[in-house]
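> here is my input, please return the structure:
(one chain, ligands or ions: 1)
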Amino acid sequence: MKPDVIVVGAGFSGAVMAERFASVANKHVLVLEQRSHIGGNCYDFKNEHGIVVHQYGPHLFHTSKEQVWQYLSQFTEWHRYEHEVLSRVDGNLVPLPFNLNTLDALYPAEEAKRIASLLVNEYGRDAKVPILKLKQSEHDTLRALGQLVYDKFFVNYTVKQWGCKPEDISPEVTARVPVVISRDNRYFHDHYQAIPSQGYTPMFEAMLSHQNIEVELNCNAVARLRLDAGSGAIYFDGERFDGKIIFTGMLDALFDYVAGELPYRSLKFKYETLPVEYYQPATTVNYPNEEAFTRITEFKHILPVTSAHTTIVKEYPQDFDRLDPEKNVPYYPVFTDQNQASHQRYQHQCNQFANLHVLGRLADYKYYNMDDAVANALAMFERIATDL
Ligand code: UDP
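You can find the predicted model right below:
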């Protein structure tokens, strides 16, 4: 079958595009995936104890985007799940995001009460205050609180995760986990919070099962594409390809690093299966300070299963290195102005090719959540499907 559309990457962005082109536009779609499985970093599987394990670290779905929720609900049933995280600070497990309950856990009762009412007066009930903002409060007590939260919860975690302090990375990054002026211990506050009831992989299988879609795994798409900047033509397996190419991989790799490598952070995951029913009291416990890892996630809390064993994962952040098999998975774009400018240069190169469309966390070099990736793909399909 000669494809009408080539999609590079079978994560959320690629899978949504493939599904839409196949089922709405009735196009033949060839999906090229470099890994041995679909689903991108959401890939999960059931281990020998029946525990659904996320191979690339915890993925907790949440969205307030009605369209995204309705779209994905065509491909899966859901298990309602609201993520809660504890942070291990001074030997105690306390709720994260930092909220009024965390305040109670760290301060004597009267002092906690006094600070809570200052927070409510200053920001309002249910407000979300980025740590870098709280740390600059003009109010002495609140500024001291901001400093304490920064010191105990943020600075060392961020240095581990990003190799730099919170001030040296885009403020959006730490603003993902604001101080919350409420007693809500949930990590996310979106309207929909749930996990595909059989796991993410079966949901991706359902998305990609359309008869118009062919998926090729273990395939180096970049090596099979040739982009000719002079003519604006793209060649696939040596032949000119005039259909649409949807690219969700790394743009620096696509252009053979001509404008340098884009920095990413990678992770090393250490999985352990232990002969105990449960290891910890919440799905995720963050370790901001002493340990080399940032967090431990216990999968049984996400999709419950009866087993005498439990599986956990520890995350060790590290620099990305495309030539080192231990470090060559690019999990996070490193969000600095300089890196975004470098990415822009690659983005301009893409614009020379009328039939090349790039999207997703890697290609856009953005810290998207899963629902952002789906929403962007749905929007891109609407935009580019009009000229079919
Ligand atoms: N963060 C932190 N301490 C924590 C949790 C988060 O300093 O206990 C900061 C850190 O910089 C992290 C960012 O907030 O990279 C975003 O955290 P999030 O949990 O959203 O990261 P993800 O789950 O995407 O890795």
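
> can you tell me if stretch 358-366 touches the ligand.
No: judged by CB under 6 Å from any ligand atom, stretch 358-366 and the ligand are separated, with a smallest distance of 10.4 Å. Any C-beta I mention is one placed from the backbone N, CA and C, and that applies to glycine too.

> just the CA atoms of that stretch, as CSV, please.
As requested, the backbone C-alpha atoms of stretch 358-366 are provided in CSV (Å, rounded to 0.1, in the frame of the first residue of the first chain):
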residue,chain,number,x,y,z
VAL,A,358,5.7,19.0,13.1
LEU,A,359,4.1,18.6,16.5
GLY,A,360,4.4,17.0,19.9
ARG,A,361,6.6,17.4,23.0
LEU,A,362,9.8,16.6,21.1
ALA,A,363,9.3,18.4,17.8
ASP,A,364,7.7,21.5,19.4
TYR,A,365,10.3,21.4,22.2
LYS,A,366,7.6,22.1,24.8
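
> from the chain's centroid, how far away is that stretch?
Here stretch 358-366 shows a centroid-to-chain-centroid distance of 12 Å under the convention CA atoms, centre = their mean, to the nearest Å.

> tell me what the residue in the stretch 251-388 of the chain that the ligand sits nearest to is bridged to.
Among all residues of the stretch 251-388 of the chain, Asn286 sits closest to the ligand, at 3.9 Å; criterion: CB to the nearest ligand atom. Residues in a beta bridge with Asn286, per DSSP bridges, are Ser87, Arg295.

> checking the nearest residue to Val374 once chain neighbours are set aside next. Helix, strand or coil?
Excluding the flanking residues, the one nearest Val374 by CB to CB, 6 or more residues apart in numbering is Val68, at 4.7 Å. Following DSSP: H, G, I helix; E, B strand; the rest coil, we place Val68 in the helix state.

> where's the residue of the stretch 251-388 of the chain closest to the ligand relative to Lys314, distance?
When distances are taken as CB to CB, to the nearest Å, Asn286 and Lys314 turn out to be 11 Å apart.

> between these two, what contacts are shared?
Both Asn286 and Lys314 are in contact with Arg295, where contact means CB atoms under 8 Å, 6 or more residues apart in numbering.

> more neighbours: which of these two?
For the pair Asn286 and Lys314, the greater number of neighbours falls to Asn286 (24 against 18), based on other CB atoms under 10 Å.

> which residues touch that one?
Val85, Leu86, Ser87, Arg88, Leu96, Phe153, Tyr157, Thr294, Arg295.

> count of neighbours near the last one?
For Arg295, the count of nearby residues is 24 (other CB under 10 Å).

> hmm, it is touching Tyr316, no?
No: assessed by CB atoms under 8 Å, Arg295 is found out of contact with Tyr316, at 10.2 Å.

> return the distance of the residue located most distally from the centre of the chain relative to Leu148.
Counting by CA atoms, centre = their mean, the extreme residue of the chain relative to its mean C-alpha position is Glu110, 39.3 Å from that point. Glu110 sits 17 Å away from Leu148 when distances are taken as CB to CB.

> so what's Cys45 scoring on pLDDT?
Heads up, residue 45 is Phe, not Cys. pLDDT recorded at Phe45 is 98.

> same thing with Thr386?
The predicted local distance difference test score for Thr386 is 77.

> that's a helix at it, yeah?
Yes: secondary structure assignment places Thr386 in a helix (three-state DSSP).

> what's around it, how many residues?
Once other CB under 10 Å is used to define contacts, Thr386 is seen to have 7 neighbours.
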